[in-house]
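>>> Structure of the sequence below:
(chains A and B)
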Amino acid sequence: MDGISLLTITVLAVFVGFEVVSKVSSTLHTPLMSGANAIHGIILVGAIIVAGQAHEPLVLAVALLAVVLATANLVGGFVVTDRMLEMFRGRKPGGGKPASGRPEPGVDKQKEEAR
Amino acid sequence: MTLLSPVWTALLYLAAAVCFILALKGLNSPRTARQGNLVGAFGAVIAVVAVFLSVHLDNIPWIVGSIAVGSAVAAPVARRVKMTQMPQLVALFNGVGGGAAALVALLELAHSEDGWMRVAVVFTLLVGAVSFAGSAITFAKLQELMTTRPVVFPGLPVVMALVLLAAVGTGVGVVLSGSQALAVGLLLLGLAAGVLLVLPVGGADVPIVISLLNAFTGLAVAASGLVLGNVLLVVAGTLVGASGTILTRAMAAAMGRSVAGILFGAFRGGSTAGSTAVSERPVRSSSAEDVAVLLGYAQRVIIVPGYGLAVAQGQHTAAELALALEERGVDVDFAIHPVAGRMPGHMNVLLAEANVPYESLKEMAEINSEFKTADVALVVGANDVVNPAAKTTAGSPIYGMPILEVAQARQVVFLKRSMRPGFAGIENDLMYEPQTTLLFGDAKDSLTKVLGAVKGL
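Predicted coordinates:
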C-alpha cells in the first residue's frame, strides 16, 4: 500500500480512537484500559509474519520469543478484561433491592468448575 | 501456502479492525462492555487466521507451538489472578506487547531499505523498549517488589537527557546505516529510558503511567504496521494509541494532575517526598459495637471504600453490611473515588465482584454534594482519597487531587489497620478531628464485627 493511503488510514484511526472513548465514565476506566491493552496484542500478526520468514536460527528464536510475548499480551489481555467485566451486574429486573448483598458461593463455584 | 487472495485478506483485516472499534465502543457502558470485549477477541481470532491463510509462512509448527506456549502461560494467570493484583497484571501484559513490537521491528530492519521505513523501525524499537522496561518497573512498584515512593537521585534529569540524546543519535545512525548492532544499542537505550521514566513516579500516580505506556505500546504497534505494510496493525495500534492518550488524560484529570506533572513532578524535587513521621497526636478510637450503633441508627450512611478493603478481601462483608443497614431502613451508598484502589475504576470492579449493584456505586462528582446530608461517612481502608491535605496543603504530594468530602458528614468513622499513612505516604489530619472515630483492625475483621453488632441491634 502506498504511503499516502496509509497516512490517510492512520489519521482517520486517530480520530476514531479519540471519539470512541471520549465519554466513558470513570467506572469503566480500568476495563477500558485493559481492553485497549488486549487489542495491541494484535502485534502477534506481525510477529507471526516475521517468524514465518525467518531462515536463520537466531532470527527465528527472536521472532518466536516475540510470538510468545505477543500471544501473552493478546490472550491474557482479553481474558483478564473478561474477568473484570463478568463482575459488573446490575440490579435484578423487578427488584428494587440490590441483587444480593451476599456472594452466591455455590453458583460461583460451579462456574469456576465449568471452566 | 496462500489460500486467500490479497482482496480477501484485506476484507478480513477490515472486519477485524471493525471488531476492535466495536470493542472499544462497547467498553463505554457497563451493559455492553463484556460483549464488546468478546467482539474484540473475535476480531483478533479473525486476524490471526487471516495471516496464516494469506502469507507464505515457514516454520509453522514452531509458530503454532509458540502461540500455544504464550496462551498456556497467560490464560491461567489471567484467570486466577486476584482482583486486587489485576493492575500489575495489566501492566505486565502491556509490557510484553511493547517488547514484542520492539523485537519485530529489530528483525524487520534487515528488510527495510527505504529511509522512512527505517524511521518507523527506529520509532518502534525505542517506544516498544520504553514501554517494556517502564511496565516492568510499574509491575515491581505495584507488586511492592520495590518501594512505591518516587525514586530520585541527584542528576537524574541529566542522566535522562543523556540517554535520550544518545537514543536520538543512535536512531539517526540506524536510519542511515541500517546496522543491526546499532539497533540493538538503541533497544538497550530504550530500556534504560523506560526505567528512568517510571522510577521517579510516586505510587499513587503509577496507574496513570500504565495507561500512558499502554498508549505507547499502541503507537509502537502502529509503527510496526507501517514497517510490515500491514494495515490492520496500523489501524489497531493507532486506535489504542489515540484512545489510550485520551484515557490517560481523563485519569489524570480525575486526580487533578497533569500528565507532565506526574512524569516530571519528582524531578523538580521537594514536594513528592511526603512525610514518614507518624505524629503522636491523640485520636479517638472506639469499639465495633459503638460503630454499629452509629450506623444502625443513622438515616443516611455513605461508605467510602479504599484499597485496604480490597487487600483484606472485605468487599463481600462491606456489601453484606450495606444490605443489613438497608434492611433497617438506612439509606446506604458507596462513594467511589476515581482512583480508589490502585487504578481508576478498580474499586468498581472489586465491589461489582461482591455483587454490589453498580447503581449504588456513586461517582465522586455525584456524591460529593451529598456528604453534608449524611449522618455517617464510613471510610474503610481509604486514606489519600479523603485527605483534606489535597485541598489545604500546597506542598503535599496529593495537593490538587479532588477528594471525597467526608469531612462534611456529621460523623466520620475510619476503619484502619494502623495509623500508618496511605499509599502516597502522607498523614491525614481528618483522623484527629473531633467528629472522627477510629476503629483499628483488619478491614474485613472490623466489618465482620460491626456487621454482627448491627444485626444484634
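>>> Report the contact partners of residue B:132.
When contacts are counted by C-beta atoms under 8 Å, 6 or more residues apart in numbering or on different chains, residue B:132 touches B:95-96, B:98-99, B:102, B:190-191, B:194. Yep, even glycine has a C-beta here, placed from its N, CA and C like the rest.
>>> again with residue A:45
Counted by C-beta under 8 Å, 6+ apart, residue A:45 has contacts B:47-48, B:51, B:230, B:232-233.
>>> Secondary structure element holding it?
Secondary structure here is read from DSSP states H and E; on that basis residue A:45 sits in helix A:43-52.
>>> do residue B:377 as well
Take DSSP H and E as the rule and residue B:377 turns out to sit in strand B:376-380.
>>> Point me to the residue sitting closest to the centre of the chain.
All of this is about chain A. Using C-alpha atoms, centre = their mean, the residue of chain A that lies closest to the mean C-alpha position is residue A:38, 2.7 Å off.
>>> meant chain B actually
Centre-nearest of chain B using C-alpha atoms, centre = their mean is residue B:207, 3.4 Å out.
>>> Now do stretch B:209-221, average pLDDT.
Regarding stretch B:209-221, the rounded mean pLDDT is 94.
>>> Just the buried residues of the next helix or strand after the strand holding residue B:377, please?
Using DSSP H and E, the helix or strand that directly follows strand B:376-380 along the chain is helix B:389-392. Burial within helix B:389-392, assessed by neighbour count using 16 or more other C-beta atoms under 10 Å in any protein chain shown, is assigned to B:389-391.
>>> What is the nearest of those to residue B:322?
Each of the buried residues of helix B:389-392 was checked against residue B:322 using C-beta to C-beta; the closest is residue B:390, at 26.3 Å.
>>> quick one: the closest one and residue B:396 touch, right?
Yes. Contact between residue B:390 and residue B:396 holds when scored by C-beta atoms under 8 Å: they sit 6.8 Å apart.
>>> can you pull the buried residues of the lengthiest helix in chain A?
When chain A is scanned for its longest helix (criterion: DSSP state H), the result is helix A:3-20. Residues of helix A:3-20 classed as buried under the neighbour-count rule (16+ other C-beta under 10 Å) are A:6, A:9-10, A:13-14, A:16-17, A:20.
>>> Likewise for stretch B:393-406?
For stretch B:393-406, burial by neighbour count (16+ other C-beta under 10 Å) applies to B:396-399, B:401-406.
>>> And those, which is the shakiest by pLDDT?
Across the buried residues of stretch B:393-406, the member with the lowest pLDDT is residue B:397, scoring 69.
>>> hmm, back to that, tell me the one of the contacts of residue B:132 nearest chain A?
Proximity of the contacts of residue B:132 to chain A (C-beta to the nearest C-beta) peaks at residue B:96, which lies at 4.1 Å.
>>> any idea which of the buried residues of helix A:3-20 is closest to chain B?
Using C-beta to the nearest C-beta as the measure, the one of the buried residues of helix A:3-20 that approaches chain B most closely is residue A:17, at 2.6 Å.
>>> Could you verify my assumption that that closest one touches residue B:243?
Yes. Using C-beta under 8 Å, residue A:17 is in contact with residue B:243, at 4.3 Å.
>>> Mind listing the shared neighbours of these two?
Once C-beta under 8 Å, 6+ apart is applied, the residues that residue A:17 and residue B:243 both contact turn out to be residue B:24.
>>> Relative to the strand holding residue B:377, what are the paired strands and their orientations?
Applying DSSP bridges to the sheet, strand B:376-380 is found paired with strand B:300-305 (parallel), strand B:411-416 (parallel).
>>> roughly how far out does it sit from the chain middle?
Taking C-alpha atoms, centre = their mean, to the nearest Å, one finds the center of strand B:376-380 at 25 Å from the center of the full chain.
>>> which residues touch residue B:139?
Residues near residue B:139 by C-beta under 8 Å, 6+ apart: B:88, B:91-92, B:95, B:145.
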